[in-house]
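Undergrad: Here's my sequence, what's the structure:
(one chain, ligands or ions: 2)
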Amino acid sequence: MTVERLSTGVPTLDKMLAGGIPRGFSVAVTGEPGTGKTILCIHFIAQGIVDGDKCIYVTTEESRESIITQASQFGFDFSSAIKNGKLILIDALMGTEDQWTIKTLSVEELVNKVIDAKKALGYGRARLVIDSLSAFWLDKPAMARRHSYFVKKVLAKWDFTILATSQYAITTSEAFGWGVEHIADGIIRFRRFVRNGVLRRYVLVEKMRQTPHNLQMHEIAIEHGKGLVILGPVEERREDIALPKKVMERIQKAMERRDVEPPKSSN
Ligand SMILES: Nc1ncnc2c1ncn2[C@@H]1O[C@H](COP(=O)(O)OP(=O)(O)O)[C@@H](O)[C@H]1O
Ligand SMILES: [Mg+2]
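TA: Ligands and ions are numbered 1, 2, ... in the order given. Got it, this is the predicted structure:
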């Protein structure tokens, strides 16, 4: 059986994914701040508009206006798509209240709002971006797995292919932001390094079920007027671009703590 795939909107990334993301998948897009997660989400939605998919973008980290402005810098007209009923941009906490805002960062409210949006857009293949999903459990990281599972389970019935970003940060005492990966059918990981005083960004397809995907880390660029561009595979040894061992141990510990779930929902 052939797998129906949705283009990510980034041609080289599609090639790395044997054509794109399988329909119905939930894909975690992870990485440090400023690495390109939101930019990829914007491409994914812009492609959805071209392909005639019903598009929903939930933003928790930036305002609706910020996403529209960012998209316009790469030649994507999100304002028209909203006016033409192809895109609904759900704003969580950032903007002035209207029909498409979420007032609290609760996964129940998120899921209900997304379903309302899908009903408003109509029947058919749909794309959903949740940028970021990890924002919904910032104050209760132990709930990451349960929450992300809930979101996936409920939304699976609505013909969504989902990109959910997970912003992680490593502080001296904690590593947080992990969790979305637990339930993901795919993981696209962004990384960044400063080399010779210059910020370089990379992307790696870490997991994609049902897909003979590329395993190489690729360097990327974010270009004005264009957006995310894949420059090519990196030749560095893996050790060069892996997180330091100490940090990995901290992450491991944080993940283990997370696996011990609290006795009842803290919602
Ligand atoms: N118009 C632009 N031209 C060039 N680079 C841009 C442009 N807009 C954003 N960027 C780059 O993209 C970065 C933000 O990427 P983003 O996807 O928002 O990161 P995150 O992973 O935190 O979501 C900015 O810090 C900047 O380096
Ligand atoms: Mg972002």
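
Undergrad: mind exporting the helix or strand hosting residue 188 as CSV, just the C-alpha atoms?
TA: According to DSSP states H and E, residue 188 maps onto strand 186-195. Output of strand 186-195 as CSV, limited to C-alpha atoms (Å, rounded to 0.1, in the frame of the first residue of the first chain):
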residue,chain,number,x,y,z
GLY,A,186,7.9,11.5,13.6
ILE,A,187,10.6,13.7,15.1
ILE,A,188,12.2,16.6,13.2
ARG,A,189,15.0,18.0,15.3
PHE,A,190,16.6,21.4,14.9
ARG,A,191,20.0,22.3,16.3
ARG,A,192,22.3,25.3,16.5
PHE,A,193,26.0,25.9,16.9
VAL,A,194,28.3,28.8,16.9
ARG,A,195,31.2,28.0,14.7
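
Undergrad: Show me what that strand is packed up against.
TA: strand 26-31, helix 37-51, strand 198-208 (3 or more CB pairs under 8 Å, 6 or more residues apart in numbering; DSSP states H and E). All C-beta spots, glycine's among them, are computed from the backbone N, C-alpha and C.

Undergrad: from the protein, which residue is nearest to ligand 2?
TA: residue 38 (3.3 Å; CB to the ion).

Undergrad: who touches that residue in this structure?
TA: Residues in contact with residue 38 (CB atoms under 8 Å, 6 or more residues apart in numbering) are 61, 62, 67, 70, 131, 165.

Undergrad: Could you rerun that using 6 Å?
TA: Listed by CB atoms under 6 Å, 6 or more residues apart in numbering, the contact set of residue 38 reads residue 131.

Undergrad: Would you mind measuring from it to residue 228?
TA: Distance of residue 38 to residue 228, given as CB to CB, to the nearest Å: 10 Å.

Undergrad: Same question for residue 105.
TA: Using CB to CB, residue 105 is found at 27 Å from residue 228.

Undergrad: ok, the residue of the chain closest to ligand 2 to residue 2 distance?
TA: Distance from residue 38 to residue 2, by CB to CB: 31 Å.

Undergrad: for residue 232, same thing?
TA: Using CB to CB, one gets 28 Å for the distance from residue 232 to residue 2.

Undergrad: Compare neighbour counts for the two and give me the winner.
TA: Comparing residue 232 with residue 2 by other CB atoms under 10 Å, the one with more neighbours is residue 232, at 10 against 5.

Undergrad: what about the residue in the stretch 151-267 of the chain positioned nearest to ligand 1, neighbour count?
TA: Closest residue of the stretch 151-267 of the chain to ligand 1, CB to the nearest ligand atom: residue 224 (3.5 Å). Residue 224: 7 surrounding residues under other CB under 10 Å.

Undergrad: do the same with residue 139
TA: Residues near residue 139, counting by other CB under 10 Å, number 9.

Undergrad: Can you name the residues that contact it?
TA: Per CB under 6 Å, 6+ apart, neighbours of residue 139: none.

Undergrad: what residues does the stretch 1-150 of the chain put near ligand 2?
TA: With CB under 5 Å from the ion as the criterion, the stretch 1-150 of the chain meets ligand 2 at residues 37, 38.

Undergrad: mind redoing it with 8 Å?
TA: 33, 34, 37, 38, 41, 61, 62, 131, 132 (CB under 8 Å from the ion).

Undergrad: Need those in JSON lines (columns: pLDDT).
TA: What follows is those, written out as JSON lines (pLDDT from 0 to 100):
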{"residue": "33", "pLDDT": "90"}
{"residue": "34", "pLDDT": "94"}
{"residue": "37", "pLDDT": "97"}
{"residue": "38", "pLDDT": "97"}
{"residue": "41", "pLDDT": "98"}
{"residue": "61", "pLDDT": "86"}
{"residue": "62", "pLDDT": "92"}
{"residue": "131", "pLDDT": "95"}
{"residue": "132", "pLDDT": "90"}
